[in-house]
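Chemist: Show me how the following folds:
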Amino acid sequence: MLNFHDYKRLSPPSKSLATRYFASFIQNITESKNPYQVTKKLLYAEDGSKSALTKKHNLNKLFYKKRDGEVIGREGVVRNIEQKLQKQLHIEIDLMYSTICHPIWQLLDTPYTEANINSILLSLPPAISSKCIARTTRGNIKRKHPYGKTVHALSEQDSLDALTYLLILTFEKVHDPEYASLCTELISTTKMFMRMAMTLPLSPIAADLYYRIANWLNADESDNESFYLVPMGFYSKQAVDFDGAIQCYHYWLKLALEIGLIEDTYHHKMAFLKSIDHSLAGKLTEDLQDMHDYQIGTTLYLEKILKRMSYYLA
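Modeler: Residues are numbered from 1 along each chain as shown. Reported below is the predicted structural model:
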C-alpha cells in the first residue's frame with residue numbers, strides 16, 4: 001500500500017495534480033460548490049455546534065491553497081480531514097488512498113518495467129487486481145490477460161482504479177510493434193477519461209492530467225501506426241484537440257438538457273455519454289441541433305441513444 005512518503009517523492013507535476021485532485025475530491029464527496037462550503041460542512045455539525053477538531057486549523061485557506069496545487073506538508077493534515085469526514089458527515093473513506101496516494105500518480109512517474117507495473121497493479125483494490133495479476137503457489141507474480149468483456153466492464157466504471165489498469169493495457173498495446181490493429185484499449189480508456197473529465201472530482205485537473213498521460217504513453221516512440229492520441233479521433237485522425245473535445249461534450253449535454261432528452265443528474269449525463277457512438281459525432285450534433293432549433297421529435301439515432309441509456313440507468 002502506498003503511503004504519504006510515496007506522495008512526497010512524486011515529481012512536481014504529479015504532486016501538484018494529486019494535490020489538486022485531493023481538494024476537488026473532498027469538494028465532490030461533501031457535495032459542496034466551493035472550498036468555503038467544504039469548510040462550513042466540516043466545521044459545523046448538523047445541530048450547528050462547532051467541531052472540536054477544527055480549533056487550530058484554517059480549513060478554508062487550506063482548501064484554496066490545495067486547489068491551486070500547494071503541496072501537503074504533513075500526513076496529519078489528511079488524517080485530520082478524514083476524521084472530520086467521518087465524524088461530521090459520516091463518510092467512511094480512505095482519503096489517503098483515494099487521493100494523493102492513489103497508484104495512478106506513481107504510474108505516471110514510473111519507468112515502464114515489469115517490476116514497477118506489477119507493484120502498481122498489486123496496489124489496486126482486489127476487485128481489479130484479481131483480474132490482472134496473481135501469485136503462484138511458489139509466491140511468484142504472474143500477469144493475467146483480460147478478456148474483452150473484462151476491459152469493457154472496467155471502462156464503464158469511471159474510477160481512478162479502473163483508469164490506472166486501462167492505461168497500463170493501453171501502454172502495452174501502443175508499444176507492441178506486432179499489434180497492428182486499432183487499439184481498442186485506447187478507445188475504451190479515452191472514452192472513459194472524457195466522461196470522467198466532465199464532472200468532479202476529475203474536471204478541474206482533466207486537461208493537465210490528459211497531457212501528463214500523453215507524455216507518459218510516449219506515443220512518438222511507438223511503432224504502432226494505429227495509435228494517435230486525439231480524444232475524438234477514435235475513427236479519424238482529422239479530430240479536435242482535448243479542449244475542443246471537452247467543449248463538444250459540454251455542447252451535447254447542454255442541448256440534450258434543454259430539449260428534455262436527459263435529466264440534469266450525474267447518472268443521466270453519464271448514461272448519455274456512454275451511449276454515444278463517436279463515429280457518428282456529426283450526426284449527433286445535427287440531430288440535437290434540429291430538435292433544439294425546430295422543436296421536432298426525436299430522430300432514429302437519438303432513439304437508439306435513449307435505448308442504450310435505459311440499459312445504463314436500469
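Chemist: isn't L95 right up against N80?
Modeler: No: counting by C-beta atoms under 8 Å, L95 stays clear of N80, with 9.9 Å between them. (Each C-beta comes from the backbone N, C-alpha and C, glycine too.)
Chemist: These two - which one has more neighbours?
Modeler: Comparing L95 with N80 by other C-beta atoms under 10 Å, the one with more neighbours is L95, at 22 against 19.
Chemist: Can you give me every residue that contacts the residue nearest to that one when sequence neighbours are not counted?
Modeler: Once flanking residues are discounted, L95 sits nearest to E82: 4.1 Å by C-beta to C-beta, 6 or more residues apart in numbering. Residues near E82 by C-beta atoms under 8 Å, 6 or more residues apart in numbering: 93-96.
Chemist: got the contact list for the nearest residue to N28 once chain neighbours are set aside?
Modeler: Nearest non-adjacent residue to N28, counting by C-beta to C-beta, 6+ apart: L200, 3.9 Å away. For L200, the contact set (C-beta under 8 Å, 6+ apart) comprises 24-25, 27-28.
Chemist: In helices, which of those fall?
Modeler: If you go by DSSP state H, the contacts of L200 have 24-25, 27-28 in helices.
Chemist: Closest to F63 out of the contacts of L200?
Modeler: Q27 (7.6 Å; C-beta to C-beta).
Chemist: Find me the pLDDT at the closest one, would you?
Modeler: For Q27, the model assigns a pLDDT of 95.
Chemist: Let me see the contact set for it.
Modeler: For Q27, the contact set (C-beta under 8 Å, 6+ apart) comprises 33-35, 37-38, 63, 200-201.
Chemist: What sits closest to the residue nearest the centre of the chain if chain neighbours are left out?
Modeler: Residue closest to the mean C-alpha point of the chain, counted by C-alpha atoms, centre = their mean, is M196 at 4.5 Å. Nearest residue to M196 in three dimensions, chain neighbours excluded: L202, at 4.5 Å (C-beta to C-beta, 6+ apart).
Chemist: And for the one you found, the neighbour number?
Modeler: Residues lying near L202 (other C-beta under 10 Å) number 21.
Chemist: Check P125 too.
Modeler: 12.
Chemist: Was I right to think it contacts D161?
Modeler: Yes: here P125 reaches D161: they are 5.8 Å apart, a contact under C-beta under 8 Å.
Chemist: quick revisit: select, from the ones in helices among the contacts of L200, the two members most distant in space.
Modeler: Using C-beta to C-beta, those span at most 7.3 Å, a distance reached by F25 and Q27.
Chemist: Check the contact lists of those two and give me the overlap.
Modeler: 200-201.
Chemist: if we can go back for a sec, so the residue nearest to N28, which state does it fall into?
Modeler: Here L200 is recorded as coil under DSSP: H, G, I helix; E, B strand; the rest coil.
Chemist: mind showing which ranges of the stretch 1-150 of the chain have poor pLDDT?
Modeler: Scanning the stretch 1-150 of the chain for pLDDT under 70 picks out 45-57.
Chemist: That one: helices as residue ranges?
Modeler: For the stretch 1-150 of the chain, helices defined by DSSP state H, counting those that start in this stretch occupy the ranges 4-8, 12-29, 35-43, 59-67, 75-89, 95-98, 103-108, 114-123, 126-132, 148-155.
Chemist: For Q247, which of these is the nearest?
Modeler: Across these, Q247 has its closest neighbour in helix 12-29 (20.1 Å, C-beta to C-beta).
Chemist: if we can go back for a sec, looking at the contacts of Q27, which has the most residues close by?
Modeler: V38 (26 neighbours).
Chemist: any idea how far Y249 is from that residue?
Modeler: Distance, V38 to Y249, using C-beta to C-beta, to the nearest Å: 26 Å.
Chemist: Among the helices of the stretch 1-150 of the chain, which comes closest to R138?
Modeler: Closest to R138 of those, according to C-beta to C-beta: helix 114-123, at 15.3 Å.
Chemist: Many thanks, we can stop here.
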